[in-house]
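Enquirer: Give me a model of this one.
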Amino acid sequence: MQRLRISHSTEYQFAGVVTLEPHKLLLRPREGHDVHIESSRLTISPAHAVKWHRDVFDNSVAIVHFTEPADRLTIQSDVLINHFESAPLDFVVEDYTLNYPFQYQLEDRADLLPYQQPAYPNCEHRVAEWVRSFGFGSGPIETYAMLDRMNRAIAAGFVFSVREAEGVQRPIETLETRAGACRDFAALFVDACRYQGLAARFVSGYSHGPATEAGNASTHAWAEVYLPSVGWRGFDPTNGCLVDLDHIRVASGRNYRDATPTAGTLYAGGHGERLEVSVRVKRIEEATGPEADARQQAQQ
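Expert: Okay, the predicted model is just below:
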């Protein structure tokens with residue numbers, strides 16, 4: 001287990017006073033057997049009201065309704081979590097899914113169908129070409145080996161770039177430029193899996209490492225593939241690795257729009273804006289003694 005403190009700051013500065021429409025925030029990590037939230041605080045300015053709910057993907061969503069106009073919007077999320085999962089390769093798939101190709105069992109197909117449909121239909125031909133370049137389909141191949149090969153190929157063969165533009169590049173753009181941000185690589189990996197009949201989804205969250213310890217980092221994105229008896233297994237094509245203890249999932253969905261950390265509209269009357277985002281994910285050293293032992297037992 002490791003304890004992580006996540007500080008996520010978003011600040012918009014406008015050239016004049018604007019009217020802010022409701023904003024949708026996906027900033028709270030998803031709790032489960034692998035993640036427990038010790039504390040969570042959301043600080044927002046200007047004056048507002050917050051309502052929480054779970055969306056159709058079971059993400060924790062905050063809807064912010066602003067009660068006054070402003071020339072600045074600040075959103076600060078501070079969360080302390082306990083993260084338990086540490087062995088990403090410690091899983092055994094069903095025998096019938098060990099090698100690709102395979103078909104999901106009938107009882108799973110209705111639920112998985114939305115995650116098998118390409119998010120970018122106009123890119124199918126180009127994605128298919130890229131997938132075929134690996135030689136998949138010429139004979140059985142271990143499912144994990146196939147996924148790992150695609151995952152590593154993106155990390156090794158594409159150039160990571162920080163894109164300030166909103167949204168995600170279509171996979172065809174990522175393939176043509178051989179460059180993109182983490183969300184672009186995740187979108188490509190998801191559609192490549194779906195082209196092969198596998199259920200895959202887009203994930204947004206945080207990653208922990210030397211850069212995030214120092215601060216001034218950003219949110220992260222990766223993909224998950226559904227493997228029977230294993231569940232949704234994460235692949236990080238930006239780094240070419242399996243999702244592990246240093247990945248903190250916040251939201252997931254069929255595509256990027258379902259898992260965008262911050263989304264909303266404003267009426268600015270033609271004014272410009274400046275956006276600053278800063279993320280810090282810092283490991284907190286474990287305390288010792290009876291209190292720490294009690295906390296550990298409570299999570300088991």
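Enquirer: For the rest of this, base every contact and every neighbour count on C-alpha atoms.
Expert: Will do.
Enquirer: where does the chain have its least confident helix or strand?
Expert: helix 290-299 (a mean of 47; mean pLDDT, DSSP states H and E).
Enquirer: Quick one: residues contacting the nearest residue to V230 once chain neighbours are set aside.
Expert: The shortest distance from V230 to any non-neighbouring residue, by CA to CA, 6 or more residues apart in numbering, is to V93 (6.0 Å). Contact analysis of V93 by CA atoms under 8 Å, 6 or more residues apart in numbering lists 227-230.
Enquirer: of the residues you listed, closest to D246?
Expert: Nearest to D246, judged by CA to CA, of the contacts of V93 is V230 at 19.5 Å.
Enquirer: Please, where are all the helices along this protein?
Expert: Taking DSSP state H, the helices of the chain run over residues 106-112, 124-132, 143-157, 171-177, 182-195, 210-214, 290-299.
Enquirer: Quick one: closest of these to G240.
Expert: Closest approach to G240 among the helices of the chain is made by helix 143-157 (4.2 Å; CA to CA).
Enquirer: Could you list the buried residues of the closest one?
Expert: Within helix 143-157, the residues that qualify as buried are 143, 146-148, 150-155, counting by 16 or more other CA atoms under 10 Å.
Enquirer: Stretch 171-185 now?
Expert: Residues of stretch 171-185 classed as buried by neighbour count (16+ other CA under 10 Å): 171-175, 179-185.
Enquirer: Identify, from these, the entry nearest to N59.
Expert: For the buried residues of stretch 171-185, the nearest to N59 is R183 (18.0 Å; CA to CA).
Enquirer: Skipping its backbone neighbours, what lies nearest the closest one in space?
Expert: With sequence-adjacent residues excluded and distances taken as CA to CA, 6+ apart, R183 is closest to A221, at 5.1 Å.
Enquirer: The one you found against G205, yeah?
Expert: Yes: contact status for A221 versus G205: in contact at 6.1 Å, counting by CA atoms under 8 Å.
Enquirer: how long is stretch 59-72 from one end to the other?
Expert: Across its full length, stretch 59-72 reaches 27 Å end to end, with CA to CA, to the nearest Å as the criterion.
Enquirer: and that stretch, which residues are buried?
Expert: Residues of stretch 59-72 classed as buried: 59-66, 69-72 (neighbour count, 16+ other CA under 10 Å).
Enquirer: Quick one: neighbours of the nearest residue to G197 once chain neighbours are set aside, just the number.
Expert: Sequence neighbours aside, Q116 is the residue nearest to G197 in space, at 6.0 Å (criterion: CA to CA, 6+ apart). When neighbours are counted by other CA atoms under 10 Å, Q116 registers 21.
Enquirer: show me what contacts Q116?
Expert: Counting by CA under 8 Å, 6+ apart, Q116 touches 194-195, 197-200.
Enquirer: Local confidence estimate at it?
Expert: Reported pLDDT at Q116 in the predicted model: 97.
Enquirer: what about it, distance to H23?
Expert: Q116 is 29 Å from H23, by CA to CA.
Enquirer: what do you get for P228?
Expert: 36 Å.
Enquirer: just F102 next, same as before
Expert: Counting by CA to CA - F102 and H23 are separated by 42 Å.
Enquirer: picking that back up, could you export the buried residues of helix 143-157 as TSV, including pLDDT and distance to P29?
Expert: As requested, these are exported to TSV (pLDDT from 0 to 100; distance: CA to CA, whole Å):
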residue	pLDDT	distance to P29
T143	93	29
M146	95	29
L147	96	25
D148	96	26
M150	97	27
N151	98	24
R152	98	26
A153	98	29
I154	98	26
A155	98	25
